[in-house]
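Chemist: Model the following, please.
(2 chains)
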Amino acid sequence: MGTLGIFASRFNVNTKSLEAFDEALSFLKKKDEVARTPEVKANVDKLLDVLEPILENIQGNLSESTAVSERSVVDIMKERHDREWPIYRKKLKQLYSKLNSSKFKLSESDFRLLNDIADALDVECGNLFRRMSERR
Amino acid sequence: MKDYLKAIILEQINRSLCLKNLIHPVKYQELAGLAERCTNIIDSITQKLRSLLTELENREEDDIRDILRKMRRRVREIEMVESYGISALYYVNDEIRYMNNLIHKIHNEINLPLSRPSVACISTRYYYFHPFTNVIFVPVSESNFLLHLPDVFHEMGHYVLFNKENTLRLKEVNRRYDVAIEKVTDYFKDLLTRKIRETGPEEKPRLIRHIHSQWKEYWINEFFCDLFALYTLGPAYAWSHLHLTIKKSEDLYKFSEVLPQTHPSDDSRMRILLIGLHKLGFDNEANMILSKWNSMPLVLNTKPLVEYQYAYPEELMKEVAELFLSGLKDGNFSIISPPNLQKQDSDSIITILNETWNLFWNNPEEFREWEEKCIEKLKSIV
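Modeler: All right, here's what the predicted structure looks like:
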């Protein structure tokens, strides 16, 4: 397979994860305090599918997940939040713990953070799309 | 910004409708499936864009980050259906009929549990499969040759990978694939732990993380598709890999400690193919291929980087080759073996492609004459 197909394949995987992430984000935006009903859990899982490999990478661990190109997504986030990276990293960890708790309320800044992650993933999708279209 | 976004969405709806207009009339019946797929994709995009307009109406100016992302996704999809779907319907000649029927026959011979992919002879980048439209792209003159047709089987492997999660008969392929990822991760986790404990250079852990990411994102898929082609077609695929390598490879042991590398090295791909051949019982063929491989100047005069030793561990490759073979067997694919190859019809594409390689080696001077006659015959069969 040429490189086009390879990038198309990665593009597709990352795009599907982003689509699911955005769906979950829209769903949770409408909620005030969130209890862990099956519907909520399904949506939180969609967020965690993206967030987990990102956090593993930040902590220097190897992740089994193939849902996102976490190394590239983390690089994009680092670049965008270079000056505040240690604090930003901590915020990501806190958000992860919150999403794993039995009852939680997402704040404005949590949603901003989730949108940042989605934006970084969108940039990675754009990168893969560009590489797919490049003549090499 | 809301007004501007609205204008872009409307612009994209118009572009979609314009593309839909280009689908009909379908020039060849063999492409009816692709025409239907493109129509469905465009209808879905248009519908999503219309819903986005409604969603946008109810949003505040400072609450549109997700709408922007959604709009960008639709823009990419429109570009993909145009480049990898509509173009395949638009630029066609009579050869498309033969190639699509050929794929149909292969599809039946290997017992592929998916709808038939389409073929377009307009590639300027060798063979590739596009998962969005299910089209295998091949170079424009490929219908006149046989030696590299085994690559079609590799592309079908990508088609299988793409659908492994949503097709019941691919359940075991999917499960074995996940186990393979787990094995790869466990192997490199273990190596990473050991290297962190050792007081060696700091670069080593970074290198191991990099190799793991290459395996997980790219190499495992390429190995799967190589093995898929080998297990369903047989030695012809390994011969065609050797043929492509001698003609095109820049470096058999291509490896970078930092840069992403979409394909595993040609050396590792041949190694996993040899493992696969032995598993299928093609020991003689494996020895013949290895002997030809080892006599290539590319092999004799090149040595890999020291770090290359970490990239393709033999034991891991053996495990992966075994997992994929069991997955395909359980998925009821037609797996080739020496007795099975003997039993195939003389008209089977699998027999013809393996025979092609025998004839190429036995009588290279008269090969072209035989090849032309064979393609003529194939055109009448399919």
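Chemist: For the helix or strand harbouring residue B:192, buried residues please.
Modeler: Counting by DSSP states H and E, the element that carries residue B:192 is helix B:171-197. For helix B:171-197, burial by neighbour count (16 or more other CB atoms under 10 Å in any protein chain shown) applies to B:172-174, B:176-178, B:180-181, B:183-185, B:187-189, B:191-192, B:195. C-betas here are computed from N, CA, C, even on glycine.
Chemist: now stretch B:31-43
Modeler: Here stretch B:31-43 shows B:31, B:33, B:34, B:35, B:37, B:38, B:39, B:41, B:42 as buried, counting by 16+ other CB under 10 Å.
Chemist: what do you get for stretch B:245-255?
Modeler: B:245, B:249, B:252, B:253, B:254, B:255.
Chemist: Sitting in helices, which of these do you find?
Modeler: residue B:245 (DSSP state H).
Chemist: what's the burial count for the closest residue to chain A within the stretch 1-150 of chain B?
Modeler: The minimum distance from the stretch 1-150 of chain B to chain A, using CB to the nearest CB, falls at residue B:128 (4.0 Å). Residues lying near residue B:128 (other CB atoms under 10 Å in any protein chain shown) number 24.
Chemist: what does the one 10 residues further on give?
Modeler: Other residues near residue B:138 number 24, with proximity taken as other CB under 10 Å.
Chemist: hang on, isn't the residue of the stretch 1-150 of chain B closest to chain A packed against residue B:137?
Modeler: Yes. Residue B:128 lies in contact with residue B:137 (CB atoms under 8 Å); the separation is 5.2 Å.
Chemist: all strands of chain B, in order?
Modeler: Along chain B, counting by DSSP state E, strands occupy B:118-123, B:128-130, B:135-139.
Chemist: The second one pairs with which strands?
Modeler: As defined by DSSP bridges, the strand partners of strand B:128-130 come to strand B:135-139 (antiparallel).
Chemist: For the strand it pairs with, which residues meet the burial criterion?
Modeler: Quick answer for strand B:135-139 (16+ other CB under 10 Å): B:135, B:136, B:137, B:138.
Chemist: Mean pLDDT for the strands of chain B - can I get that in TSV?
Modeler: What follows is the strands of chain B, written out as TSV (pLDDT from 0 to 100):
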stretch	mean pLDDT
strand B:118-123	93
strand B:128-130	93
strand B:135-139	94
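Chemist: measure residue B:319 to residue B:272 for me?
Modeler: 11 Å (CB to CB, to the nearest Å).
Chemist: mind listing what's buried in stretch A:87-99?
Modeler: For stretch A:87-99, by 16+ other CB under 10 Å, it's A:88, A:89, A:91, A:92, A:95, A:96, A:99.
Chemist: let me fix that: stretch B:151-167
Modeler: Quick answer for stretch B:151-167 (16+ other CB under 10 Å): B:151-164.
Chemist: Any chance of those residues in TSV with pLDDT and distance to residue B:268 as columns?
Modeler: Shown next, in TSV, are these (pLDDT from 0 to 100; distance: CB to CB, whole Å):
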residue	pLDDT	distance to residue B:268
B:151	97	18
B:152	97	22
B:153	98	19
B:154	97	15
B:155	96	20
B:156	97	21
B:157	96	17
B:158	95	18
B:159	95	23
B:160	97	21
B:161	95	18
B:162	93	23
B:163	94	26
B:164	95	23
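Chemist: Mind checking which of those are in helices?
Modeler: Using DSSP H, those in helices are B:151-163.
Chemist: buried stuff in stretch B:316-331?
Modeler: B:316-325, B:327-328, B:331.
Chemist: Pairing partners for the helix or strand bottoming out on mean pLDDT in chain A, with directions?
Modeler: Least confident helix or strand of chain A, by mean pLDDT, DSSP states H and E, is strand A:33-35 with a mean of 73. For strand A:33-35, the paired strands and their directions (DSSP bridges) read strand A:103-105 (antiparallel).
Chemist: Would you mind listing what in chain A touches chain B?
Modeler: Residues of chain A lying close to chain B by CB under 8 Å from any CB of the partner chain are A:1-10, A:12, A:15, A:18-19, A:22, A:25-26, A:60-64, A:66, A:69, A:71, A:115, A:118-119, A:122, A:125-126, A:129, A:133, A:135-136.
Chemist: Drop anything exposed from the residues you listed.
Modeler: A:1-10, A:12, A:15, A:18, A:22, A:25, A:62-64, A:66, A:69, A:71, A:115, A:118-119, A:122, A:125-126, A:129.
Chemist: Could you tell me which of those are located in strands?
Modeler: The subset of these located in strands under the criterion DSSP E is empty.
Chemist: Please report how far residue B:206 lies from residue B:97.
Modeler: From residue B:206 over to residue B:97 (counting by CB to CB), the distance is 52 Å.
Chemist: so where's chain A uncertain?
Modeler: A:1-2, A:135-136 (pLDDT under 70).
Chemist: now the helices: where do they sit in it?
Modeler: Under DSSP H, chain A gives helices at A:3-29, A:38-58, A:70-80, A:85-100, A:108-133.
Chemist: Go through those and name the closest to residue B:372.
Modeler: helix A:3-29 (29.7 Å; CB to CB).
Chemist: hmm, back to that, including distance to chain A, could the buried residues of stretch B:151-167 go into a markdown table?
Modeler: A markdown table is the format used below for the buried residues of stretch B:151-167 (distance: CB to the nearest CB, whole Å):
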| residue | distance to chain A |
| --- | --- |
| B:151 | 8 |
| B:152 | 11 |
| B:153 | 11 |
| B:154 | 6 |
| B:155 | 6 |
| B:156 | 11 |
| B:157 | 8 |
| B:158 | 6 |
| B:159 | 10 |
| B:160 | 12 |
| B:161 | 7 |
| B:162 | 7 |
| B:163 | 11 |
| B:164 | 12 |
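Chemist: any chance of those residues in CSV, with distance to residue B:307 too?
Modeler: Shown next, in CSV, are these (distance: CB to CB, whole Å):
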residue, distance to residue B:307
B:151, 30
B:152, 34
B:153, 32
B:154, 28
B:155, 31
B:156, 34
B:157, 29
B:158, 29
B:159, 34
B:160, 32
B:161, 28
B:162, 32
B:163, 36
B:164, 32
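Chemist: And these, which is closest to residue B:262?
Modeler: Proximity of the buried residues of stretch B:151-167 to residue B:262 (CB to CB) peaks at residue B:158, which lies at 12.6 Å.
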